[in-house]
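> need a 3D model of the following:
(chains A and B)
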2 protein chains.
Amino acid sequence: MTQQSNLKTSETDVLIIGAGPAGLMAACWLARTGVLFRIVDKRSTKIFAGQADGLQSRTLEVFQSFGFGDRARKNANHFQEMCFWSPNESGDIVRNGRIPDSVPGISRFQQIVMHQGNIEEWITDSITKWSQGQGKVERATLPLKMSVDESLINDTSAYPVSVLVKKLNEDDEAVPEQYGAKVTNGLYRQFDGDQDQFYSDLQDGLLDDTHELIKCKYVIGCDGAHSWVRKQLGIDMIGDTTDLVWGVLDMVPLTNFPDIRNRSAIHSKDAGSIMIIPRERDLVRLYIQLKEVPRMKDTSKSEFGGGDAAVSAKGSTTGRVDRSKITPELIVKNAQEIFKPYTFDITDLDWFTGYQIGQRVSPQFQAYNRIFIAGDACHTHSPKAGQGMNVSMMDTYNLGWKLAHVCKGLAKPEILETYEAERIQVARDLIAFDHKLSRMFSGKPKDEVNKDGVDMLEFKEAFKKGAEFASGTIVDYIPSILEIKEATPDVEIQYYTKLASNIGIGRRLDSSQVMSQADARPYHLADRIPSDGRWRVLNFCGDVAKNAELAAANADFAKYLESKVNFVSNYTPVNARVDSVIEVLTVHASDRHSLEMHDFPQALWPKDSHGRSDYWKIWAGIGSTFHNGDCDIYKFFGIDTNKGCQIVLRPDGHVSHIVPLGAEGIKEIEQFFATFMIPQTKVLDIDITANDTGRFSKPVLAV
Amino acid sequence: MTQQSNLKTSETDVLIIGAGPAGLMAACWLARTGVLFRIVDKRSTKIFAGQADGLQSRTLEVFQSFGFGDRARKNANHFQEMCFWSPNESGDIVRNGRIPDSVPGISRFQQIVMHQGNIEEWITDSITKWSQGQGKVERATLPLKMSVDESLINDTSAYPVSVLVKKLNEDDEAVPEQYGAKVTNGLYRQFDGDQDQFYSDLQDGLLDDTHELIKCKYVIGCDGAHSWVRKQLGIDMIGDTTDLVWGVLDMVPLTNFPDIRNRSAIHSKDAGSIMIIPRERDLVRLYIQLKEVPRMKDTSKSEFGGGDAAVSAKGSTTGRVDRSKITPELIVKNAQEIFKPYTFDITDLDWFTGYQIGQRVSPQFQAYNRIFIAGDACHTHSPKAGQGMNVSMMDTYNLGWKLAHVCKGLAKPEILETYEAERIQVARDLIAFDHKLSRMFSGKPKDEVNKDGVDMLEFKEAFKKGAEFASGTIVDYIPSILEIKEATPDVEIQYYTKLASNIGIGRRLDSSQVMSQADARPYHLADRIPSDGRWRVLNFCGDVAKNAELAAANADFAKYLESKVNFVSNYTPVNARVDSVIEVLTVHASDRHSLEMHDFPQALWPKDSHGRSDYWKIWAGIGSTFHNGDCDIYKFFGIDTNKGCQIVLRPDGHVSHIVPLGAEGIKEIEQFFATFMIPQTKVLDIDITANDTGRFSKPVLAV
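Numbers count the residues shown, from 1 in each chain, chains lettered A, B, ... in the order given. Down below sits the predicted model:
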């Protein structure tokens, strides 16, 4: 685009378009790692009610790793039990089963629910904290045009992507009129502004001081199902939409239905299905199948949207839904039929919407390795399994640290290619999962008449199996420069069974309790591995107190770390703290009382420039705590206490590589990092020793 | 005092003088229960470093009950192990024992440490939240004169206490000059202002617009060891002061001493003793015995203060300490001698002070049943057991809800008399405990030469036993109108062994896990009993599913609650929520899956004026959770599942009364409340139904 002489122009490393959960999670990473970024959103207001609400185990692990998992757990409703209801012989609904809602043992956190506005607030607070107030969502800011200077895309210091944005008048342009309604709802939340008009203004040189041209190294499009960024890239969404229409209500129910405070799935005989999602503050969300929905005659185009699965009705054969006819009254009426013989009414209506079930995914999540799309912008589906918001946040949780590494000159841009490769597989699995489940949910139950109906036992089993997938904890990234494993679907082969038989390379590392060698305090290992942008090498050195061979290997490793060039120092800027880029944590398998801190070489708990030792690098993996039961992380991970191993962990907690102790393992780790990390020779222009509290409050990836 | 015509005059229910932990805890209760109060402090600034730091189990239970226990646990350092060091035969210090720092099983929370400024911040935030920003500490506000109109003290609606205060100029008058020093310290923190001068101004009619006369129903003096309020009442402190002088340092240590991150007690051969208190942010606090302290020649008066045990040196025989000579360098020098043969140096000095060990307690904690003193104002001692701040907060935690009940016309003023009776015993026990321990700590270890020295095994045992006392969980209030138990020291007789053999009447109710009948979510019972000013009747109805007799008793109890006059409705204002003053919680002993919510009479989970049922009143006390292990609160409390019982719990969590199920028990509870509660006939002038979110965010004691 031709730059106007008086056009305000600026530069930033990463521009995030869209400040929903996916965009905020990207910003959270960049704030945490100290990367320059901006985040814009065309809406002028935050979300106050409704939208997505489920937080899965893996998402909670990630929240915990950013330091706000406790806020989520404290304020949300916690699911325990899922109940299944279906018609008995008289046609009345009866409870036919209960299962635990989250699979026991799959994570230390179980599914919770809370409205999206709160979730966005926690992430926003974290962004504010780590960016020291600099990283703020720029609301009512509409992207108008994006262009790429292809001659610059191989220059990592260049800003090849330009995005023209316009600051809207918050009172008029950015507020869809429906936001003023008494009860906010999700029926009209798609609002793109009149981009064609702005674009024609641009051509005519009618740009004023509300316009700004932002030059970026990278752009992330987190702008929802109708993604403007995706459209600019000409990327399609592939999939289909069904005729199945569901309504959503957030309210306080008045009912004698026994499981109104349990997550429940109800299949009525003829009136349709309901999913009950009990929420915080006595609210309950109901997903209610709508049997008769008024439709329009024009089938050419649909803007029907809402829920976190808002999709266009393209592909529908019966015409688009007349959204103005979907009212709370209509939804309640459908619910009352399904709940029979139980009574049902509502009070305190908080939010409502309607949606049409469909599953669609983009064939491509990026362009030029410079512009990325994430979340609803590249995958949409039905909301009932509580996946949309979670998978969207995990998209940018995968991308954010990679961008930070590239922006800071720590790693080669090639690592960005793993984003699409890793996440597109997750999206496709999700679509398949949702396709199966949502059709079973919307189907009539099998009986004498409906012989082709849904078998209730099968439905329950599908949910049970689905819970593992839905937890987000078994996501398994494919082999790449970041994942050293065999390209085989045989799970057994992917695992280094001899070294750590319970750890899957490519999966997130699960967590178990360890004890501080220095002060006996028990921690979940994951709580010592926060999301701060650093790589970790977990040095499971084994029972060094009793096994002299292991003790020697450990001493050799410490000597290696003290040598001039090693895989830690090689990638750490000269005057940065020694653990700024790659942190080595040692977990031993000996009796804690049989060892003192000084039995471990100081290189494993290094001193800083003030001479202060880092007491939090040495951990006892086995033993009894005084108040929190026993620890045995060696058994938990399947590591032999007389062999040990070293685990290379990505900044997002996924396992990259597992190697044996000793010189050979060290060489393997050297080779691993050498493929994508950039050796550091530069001296930072900050005095990292000047700030005494730096190590507690500043971004760690201090480069 | 003669009121000046132009003197600003105001009224408040409760005036709190002093905004340290005791004053803030009082304000926290009053904010939580919606009582009008003001809190003033002569200092112009909050505390940024140093002071008290230990939080004991019971204090953490109370913090949890106000909703900020999680902030404490997240940010503080957690103690696990206590280590003991003493000289070996060569005179070098060696570790001779380790014990768990908190007694395992005594509470769900263990001792943690955090500097006082943080602790005050958490309480202040809670005050702000519950008072909706109205309850603010008025700093740089000096009390000048207090008078009592004795003709009004029996009129509960009157304001018999008048306090004249002056707003100081924050820049000059309220800031002791030492606050500007590079490292703040505790050596000079006593600052009273020139009260004599102000008083003479008052006589001369020289009052200006910086003065205000506050008329109060009640005054609480939380103004420290040199309490102005106590002096106004002419109450003495009784006890003595030793010649033992200790220094305190908060810093980051540079040392090869192995237990520098464990709470440790070191007795050196000749150089004195050290207590190590590892803290948050890698800080460590050391209490260091000072062998040679420069003293002044004038023995007539001492203003030596600091730590949370600041005491005057009255009674000292060797002259008062020259405080200007106690420097960090002096303290470090003493420490280095004690640590030998280990090296010791410091960096990041955060705070320091010195104190002289003494134990003193007031013979009286109140006057006129209108003016109360609490915390350091009525008991001071040495700080090393981390008791001062905890016992001080528990003083006002005892007093606050009683004042709220009287101010709101719910209870007779007689309940206020239990404050002194209950807390003076705790203070005396504390003084005795501290007297013994601090002398053992300051003594030389027993050896060939020092045959009268301290036996190290005895010292360790004293600490071990002391830990139970120090936890604050075994405080046992004496028989009174609030405590229905035998006046006997025989613990067995005090307990209702047949009904709940593990519950001590007069003690705080311990907590164990229960499961929500409505949604299977596990909670600690205590987390369903927040400090909100309400009484609880815990209806342990037993195994109602299998035992028809118990089911009948439960139905009868529900019928009683529905009758026109009962012990709940009788003391609840006419249009208040039914559970505003006394909340009935039911804990059954049946298999949760064998019962539905609707098997319990609705009176036990009542509907509100909107028809919304309260799902959080019925709990399963026995059973397996999906992710949090098993529950058996009947076993934990020693309650027979085929007998059950009802427990009457004070708003501060102490057990008042335990009665059998059935008509006789109901009558006992009726009699209990009748002795001090006031039957309510008034209709509130608020429309409690108007605010839908009221039950989640407003003070519950809504009268």
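
> show me what contacts the residue of the stretch 601-703 of chain A found nearest chain B?
Closest contact between the stretch 601-703 of chain A and chain B, by Cβ to the nearest Cβ, is at residue A:626 (4.1 Å). The C-beta positions use only the backbone N, C-alpha and C, and glycine is treated the same way. Residue A:626 makes contacts with A:520, B:80, B:81, B:100, B:101, B:102, B:104, B:110, as judged by Cβ atoms under 8 Å, 6 or more residues apart in numbering or on different chains.

> contact partners for the fourth one?
Each residue near residue B:100 by Cβ under 8 Å, 6+ apart is listed here: A:626, A:627, B:80, B:81, B:82.

> could you export the residues you listed as JSON lines, including secondary structure and pLDDT?
Below are these laid out as JSON lines (DSSP: H, G, I helix; E, B strand; the rest coil; pLDDT from 0 to 100):
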{"residue": "A:626", "secondary structure": "coil", "pLDDT": "94"}
{"residue": "A:627", "secondary structure": "coil", "pLDDT": "94"}
{"residue": "B:80", "secondary structure": "coil", "pLDDT": "95"}
{"residue": "B:81", "secondary structure": "strand", "pLDDT": "95"}
{"residue": "B:82", "secondary structure": "strand", "pLDDT": "95"}
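
> tell me which of the residues you listed is nearest to residue A:62?
Using Cβ to Cβ, residue A:627 is the member of the contacts of residue B:100 that lies nearest residue A:62, at 27.2 Å.

> the closest one: neighbour count?
By the criterion of other Cβ atoms under 10 Å in any protein chain shown, residue A:627 has 18 neighbours.

> again, but for residue A:13
Here the number of neighbours of residue A:13 (other Cβ under 10 Å) works out to 18.

> hmm, it is touching residue A:35, no?
Yes: counting by Cβ atoms under 8 Å, residue A:35 is a contact partner of residue A:13 at 5.4 Å.

> quick one: buried residues of the longest helix seen in chain A?
When chain A is parsed with DSSP state H, its longest helix is helix A:417-442. Under the neighbour-count criterion of 16 or more other Cβ atoms under 10 Å in any protein chain shown, helix A:417-442 has A:418-424, A:426-427, A:430-431, A:433-435, A:437-438, A:440-442 buried.

> give me the pLDDT for the nearest residue to residue A:400 once chain neighbours are set aside.
Nearest residue to residue A:400, sequence neighbours excluded (Cβ to Cβ, 6 or more residues apart in numbering or on different chains): residue A:29, at 2.7 Å. Note for residue A:29: predicted pLDDT of 96.

> so what's residue A:29 up against?
A:396, A:397, A:399, A:400, A:401, A:403, A:404, A:531, A:533.

> report the secondary structure state of the second one.
Three-state assignment for residue A:397 (DSSP: H, G, I helix; E, B strand; the rest coil): helix.

> so it touches residue A:27, yeah?
No: counting by Cβ under 8 Å, residue A:397 sits too far from residue A:27 to count as a contact (11.6 Å).

> the two - which one has more neighbours?
Per other Cβ under 10 Å, whichever of residue A:397 and residue A:27 has more neighbours is residue A:27, with 30 against 25.

> the more buried one touches residue A:16, doesn't it?
Yes: under the criterion of Cβ under 8 Å, residue A:27 makes contact with residue A:16 at 5.6 Å.

> neighbours of the closest residue to residue A:454 other than its chain neighbours, how many?
With Cβ to Cβ, 6+ apart as the criterion, residue A:454 has its nearest non-adjacent residue at 4.0 Å, and that residue is residue A:443. As a burial measure, residue A:443 scores 17 neighbours (other Cβ under 10 Å).

> and if you look at residue A:340?
By other Cβ under 10 Å, the residues close to residue A:340 number 14.

> show me where chain A dips below the pLDDT cut-off.
A:1-5, A:47-50, A:170-206, A:297-319, A:487-497, A:684-703 (pLDDT under 70).

> show the contacting residues for the spatially most central residue of chain A.
Nearest residue to the geometric centre of chain A (Cα atoms, centre = their mean): residue A:394, 2.2 Å. Counting by Cβ under 8 Å, 6+ apart, residue A:394 touches A:58, A:59, A:62, A:423, A:426, A:472, A:475.

> for it, helix, strand, or coil?
helix.

> let me see the ranges of the helices in the stretch 351-500 of chain A.
Taking DSSP state H, counting those that start in this stretch, the helices of the stretch 351-500 of chain A run over residues A:388-407, A:417-442, A:456-470, A:491-494.

> how about the residues of the stretch 151-300 of chain A that lie near chain B?
A:252, A:254, A:256, A:258, A:261, A:262, A:278, A:281, A:282 (Cβ under 8 Å from any Cβ of the partner chain).

> show me those that map onto helices.
Among these, no member falls in helices (DSSP H).

> now, which of these lie within strands?
A:252, A:254, A:278 (DSSP state E).

> tell me which of these is nearest to residue A:583?
residue A:278 (40.5 Å).

> what's near enough to touch that closest one?
Residues in contact with residue A:278, defined by Cβ under 8 Å, 6+ apart, are A:77, A:79, A:113, A:260, A:261, A:262, A:263, A:284, A:285, B:519.

> thought the third one was touching residue A:53?
Pointing back at residue A:113 there. Yes: contact criterion Cβ under 8 Å: residue A:113 and residue A:53 qualify, at 4.6 Å.

> check the offset of stretch A:413-423 from the chain's centre.
16 Å (Cα atoms, centre = their mean, to the nearest Å).

> residue B:672: which of the contacts of residue A:29 is nearest?
Relative to residue B:672, the closest of these is residue A:531; by Cβ to Cβ it sits at 53.7 Å.

> leaving aside the residues next to it on the chain, what's closest to that closest one?
Using Cβ to Cβ, 6+ apart and skipping residues adjacent in sequence, the residue nearest residue A:531 is residue A:65, 4.0 Å away.

> now do residue A:364: how many residues are near it, please.
Close neighbours of residue A:364, defined as other Cβ under 10 Å, add up to 14.

> check contacts around the residue of the stretch 351-500 of chain A found nearest chain B.
For the stretch 351-500 of chain A, the residue closest to chain B is residue A:467, as judged by Cβ to the nearest Cβ, at 11.5 Å. Residue A:467 makes contacts with A:99, A:100, A:101, A:102, A:103, as judged by Cβ under 8 Å, 6+ apart.

> the third one and residue A:111 touch, don't they?
I take that to be residue A:101. Yes: using Cβ under 8 Å, residue A:101 is in contact with residue A:111, at 5.7 Å.

> these two: which has the busier surroundings?
residue A:111 (27 against 23).

> gap between the more buried one and chain B?
As judged by Cβ to the nearest Cβ, to the nearest Å, residue A:111 and chain B stand 10 Å apart.

> wait, what's in contact with that residue?
Here residue A:111 is in contact with A:54, A:55, A:56, A:57, A:78, A:79, A:101, A:102, A:386, A:470, A:471 (Cβ under 8 Å, 6+ apart).

> quick check: the last one vs residue A:510, distance?
In this case it means residue A:471. According to Cβ to Cβ, to the nearest Å, residue A:471 stands 11 Å off from residue A:510.

> break chain A into its domains for me.
A:8-78+A:113-237+A:362-431, A:239-358+A:438-470, A:491-697 (automatic domain parsing).

> of these, flag the one that's most buried.
Neighbour counts (mean count of other Cβ atoms under 10 Å in any protein chain shown) averaged over each of the domains of chain A peak at domain A:8-78+A:113-237+A:362-431, with a mean of 21.

> start to end distance for that domain?
End-to-end distance of domain A:8-78+A:113-237+A:362-431 (Cα to Cα, to the nearest Å): 42 Å.

> any idea how far that domain is from the middle of the chain?
Averaging C-alpha positions (Cα atoms, centre = their mean) puts domain A:8-78+A:113-237+A:362-431 12 Å from its chain's average.
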